[in-house]
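1. Provided below for reference: sequence and predicted model.
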There are 2 protein chains.
Amino acid sequence: MTPAELEQLVAQIGDEILSRLHVPKAVKGEGLNIPDLVCPDCTGRCPQTCAQKTRDIVSAGADRVSASHRLTRIDAGIAALIDHTILKPDATESDIVKVCTEARQYNFASVCVNPYWVPKVAALLAGSPVKVCTVVGFPLGANATETKRAETEAAVRAGAHEIDMVINVGALRSGDADRVKQDIAAVVHVAHAAGATVKVILETALLDDNQKALACTLSKLAGADYVKTSTGFAAHGATVKDVALMRLVVGPGMGVKAAGGIRTLDDVKNMAAAGATRIGASASVKIIEATAS
Amino acid sequence: MTPAELEQLVAQIGDEILSRLHVPKAVKGEGLNIPDLVCPDCTGRCPQTCAQKTRDIVSAGADRVSASHRLTRIDAGIAALIDHTILKPDATESDIVKVCTEARQYNFASVCVNPYWVPKVAALLAGSPVKVCTVVGFPLGANATETKRAETEAAVRAGAHEIDMVINVGALRSGDADRVKQDIAAVVHVAHAAGATVKVILETALLDDNQKALACTLSKLAGADYVKTSTGFAAHGATVKDVALMRLVVGPGMGVKAAGGIRTLDDVKNMAAAGATRIGASASVKIIEATAS
């Protein structure tokens, strides 16, 4: 065997091993910005993100990784804004696994699921920077405060880092601001004690502008970390106008999450320009792939 | 003043007093079947049912009640089937009061509200035969079992007699029948200990026929009292075909509640003919007035 044949054989064996490990193979000689690299062909198959795998290979001593997969550069800043969300009631375990795999691959801010799935998601995201987000009093918000408190306790115990709770819309519309604030404060108290973040969903589709402003103020007074536009289950979701109003009322020190009906990269950019610092979306993969260069 | 003028004056004074009390005034000489009599003009204004007031007046010694209001005879059997329902998240206190007033007036089976409103509804219905019904894990069902248990505990403590819980649709569709059954059983355990009835909402719009049958069987095995078609928040509500399937699977010994999209008296009759023993509706007043003769 000639030295050239030997090198070719070694390369082929290397490629085969990498292929069986589902590892993306970098183009020879390309400068790699590893955290931004993803391999779209692997979506739903990689147990880890491609970037993480490539990083592992390199740190283990490899100085070249040959590639057959297409490599793309995505906007990590956009990915870090997105709560990758699946809240439909008929989501199955395989849907949940897929969403977690995608979140690890693209480094989304979090995976947002219904409470039943929190233990599963916490296990699937363990060791990754992606947070576990869940919902409380969702999507109607018309629960007893003690139930929201109990649901929050169960969620943080099961591994949730972020709690998206729905305000009591009916109490707000009945003029009972104190009850609305106490309801939020009860969730905040439990969540913060466990180091978890609270986003307060106003369900803007059901409120007039005065009520939206009041809900923002009550959320801030109750110590919440974010206000959030929508559940995705009402007549409409986030609007640029509502996000701007919410940012105006809460000021620069609080988060604003836009959610509901956000399906494109332009939607994300428009919401961010209006003041959103977090985005809830289920079309996250399509959105992030639109940033690929 | 002649005796005739005196009688006329007395009658006018009597009418005025009854009018200020919002009491229906019966037509002279008509035989009254008081429990079936209602005064549609009073809807939303009477603090008690017209029938009850008439009964009170008669039992206090009146032997005639003159009438200007129209009196109608409604079908008490239909009224007794209906859970008079208001589950929209933006329902206000005045909406809740109105629904309770209507329920007392027509003797509906129950008033069904979101959990936050249970204490208010329990107070408004106190002393009437109308039950307090609420929802648990509603409308998505994808909560932790411990949260459903806590929500049931809070509901029965606050005065709920009937608990309409949503099954874990995602777990069912993931093939995890044991989890679905345990989830139902946890709610049944708490509710039955407090003497409350449990209806299990399958959300048929999200299930195929095999899954509907399985959900019925699991509900029965878990000791629930009713199976119920829908939340009213999915793509469609009750269908005659689903009600018939559910009645077939659970047999004659269990209740079947049809809910979601039931808007007319014909809808109610069709569902009852297919096997429904309870109806969830928000158009209950329109339905029951269609039975008036």
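-> Nice, I can see it.

2. And for A:Gly127, the neighbour number?
-> Neighbourhood size, A:Gly127 [other CB atoms under 10 Å in any protein chain shown]: 8. Yep, even glycine has a C-beta here, placed from its N, CA and C like the rest.

3. Which element, helix or strand, includes it?
-> Remark: A:Gly127 resides in no helix or strand, with elements defined by DSSP states H and E.

4. Is A:Arg179 part of a helix or strand, or is it coil?
-> helix (DSSP: H, G, I helix; E, B strand; the rest coil).

5. In contact with the closest residue to it other than its chain neighbours, which residues are there?
-> The shortest distance from A:Arg179 to any non-neighbouring residue, by CB to CB, 6 or more residues apart in numbering or on different chains, is to A:Ala171 (4.5 Å). Contacts for A:Ala171 (CB atoms under 8 Å, 6 or more residues apart in numbering or on different chains) come out as A:Arg179, A:Val180, A:Asp183, B:Tyr116.

6. Farthest pair within these?
-> Maximum pairwise distance among the contacts of A:Ala171 (CB to CB): 10.7 Å, between A:Val180 and B:Tyr116.

7. Next, show the common contact partners of those two.
-> A:Asn168, A:Ala171.

8. And the residue nearest the centre of chain A?
-> Residue closest to the mean C-alpha point of chain A, counted by CA atoms, centre = their mean, is A:Asp83 at 1.8 Å.

9. Report the residue ranges of every domain in chain A.
-> Split into domains by automatic domain parsing, chain A comes to A:1-34, A:76-290.

10. I'd like to know how many residues surround A:His236.
-> Residues contacting A:His236 under the criterion other CB under 10 Å number 13.

11. Report the secondary structure element holding A:Lys257.
-> Using DSSP H and E, A:Lys257 falls in strand A:255-259.

12. which residue ranges form the helices in chain A?
-> Applying DSSP state H to chain A gives helices spanning A:3-20, A:50-59, A:76-79, A:93-106, A:118-125, A:145-157, A:169-173, A:177-193, A:209-221, A:240-250, A:265-274, A:284-289.

13. can you put those in a markdown table and add mean pLDDT?
-> Converted to a markdown table, those look like this (pLDDT from 0 to 100):
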| stretch | mean pLDDT |
| --- | --- |
| helix A:3-20 | 58 |
| helix A:50-59 | 58 |
| helix A:76-79 | 97 |
| helix A:93-106 | 98 |
| helix A:118-125 | 98 |
| helix A:145-157 | 98 |
| helix A:169-173 | 98 |
| helix A:177-193 | 98 |
| helix A:209-221 | 98 |
| helix A:240-250 | 98 |
| helix A:265-274 | 98 |
| helix A:284-289 | 98 |
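
14. Need these in TSV (columns: distance to A:Val132).
-> Output for the helices of chain A, formatted as TSV (distance: least, CB to CB, whole Å):
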stretch	distance to A:Val132
helix A:3-20	30
helix A:50-59	18
helix A:76-79	17
helix A:93-106	9
helix A:118-125	5
helix A:145-157	9
helix A:169-173	26
helix A:177-193	13
helix A:209-221	22
helix A:240-250	24
helix A:265-274	22
helix A:284-289	16
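
15. where's the closest residue to A:Ile96 other than its chain neighbours relative to A:Lys199, distance?
-> Excluding its sequence neighbours, the residue lying closest to A:Ile96 (CB to CB, 6+ apart) is A:Trp117, at 5.1 Å. Using CB to CB, to the nearest Å, A:Trp117 is found at 18 Å from A:Lys199.

16. swap in A:Glu102?
-> A:Glu102 sits at a distance of 21 Å from A:Lys199 (criterion: CB to CB).

17. Then A:Leu206?
-> 17 Å.

18. More neighbours: which of those two?
-> Neighbour count, other CB under 10 Å: between A:Leu206 and A:Lys199, A:Lys199 has more, with 26 against 21.

19. quick one, what contacts that one?
-> When contacts are counted by CB under 8 Å, 6+ apart, A:Lys199 touches A:Glu162, A:Ile163, A:Asp164, A:Met165, A:Ala224, A:Asp225, A:Tyr226, A:Val227, A:Lys228, A:Gly255, A:Lys257, A:Arg278.

20. For burial, what's the neighbour tally of the nearest residue to it once chain neighbours are set aside?
-> Closest residue to A:Lys199 in three dimensions, ignoring its sequence neighbours and counting by CB to CB, 6+ apart: A:Tyr226, at 3.8 Å. Neighbour count of A:Tyr226, defined by other CB under 10 Å: 21.

21. A:Tyr226 against A:Ala196, yeah?
-> No: between A:Tyr226 and A:Ala196 there is no contact under CB atoms under 8 Å: 11.9 Å.

22. how about the residues of the stretch 51-200 of chain A near chain B?
-> Applying CB under 8 Å from any CB of the partner chain, one finds that the stretch 51-200 of chain A approaches chain B through A:87, A:89-94, A:114-118, A:138-144, A:146-147, A:150-151, A:154-155, A:158, A:166, A:168-171, A:173-174, A:176.

23. which among those end up buried?
-> A:87, A:89-92, A:114-118, A:138-144, A:146-147, A:150-151, A:154-155, A:158, A:166, A:168-171, A:173-174, A:176 (16 or more other CB atoms under 10 Å in any protein chain shown).

24. sorry, back to before: could you single out the most deeply buried of the domains of chain A?
-> Mean neighbour count (mean count of other CB atoms under 10 Å in any protein chain shown) peaks for domain A:76-290 among the domains of chain A, with a mean of 21.

25. what's the span of that domain from first residue to last?
-> Domain A:76-290 stretches 12 Å from its first residue to its last (CA to CA, to the nearest Å).

26. Over to stretch A:270-284?
-> From start residue to end residue, stretch A:270-284 stretches across 15 Å - CA to CA.

27. Would that stretch count as contacting chain B?
-> No: Stretch A:270-284 lies apart from chain B when judged by CB under 8 Å from any CB; the minimum separation is 14.7 Å.

28. So what touches that stretch?
-> For stretch A:270-284, contacts defined as CB under 8 Å, 6+ apart pick out A:81-87, A:102-103, A:106, A:108-109, A:112, A:164, A:199, A:226, A:228, A:232, A:238, A:240-241, A:243-244, A:246-248, A:255-260, A:262-264, A:268, A:287.

29. For the residue nearest to A:Lys199, which residues are in contact?
-> Contact analysis of A:Tyr226 by CB under 8 Å, 6+ apart lists A:Thr197, A:Val198, A:Lys199, A:Val200, A:Met254, A:Gly255, A:Val256, A:Lys257, A:Thr277, A:Arg278.
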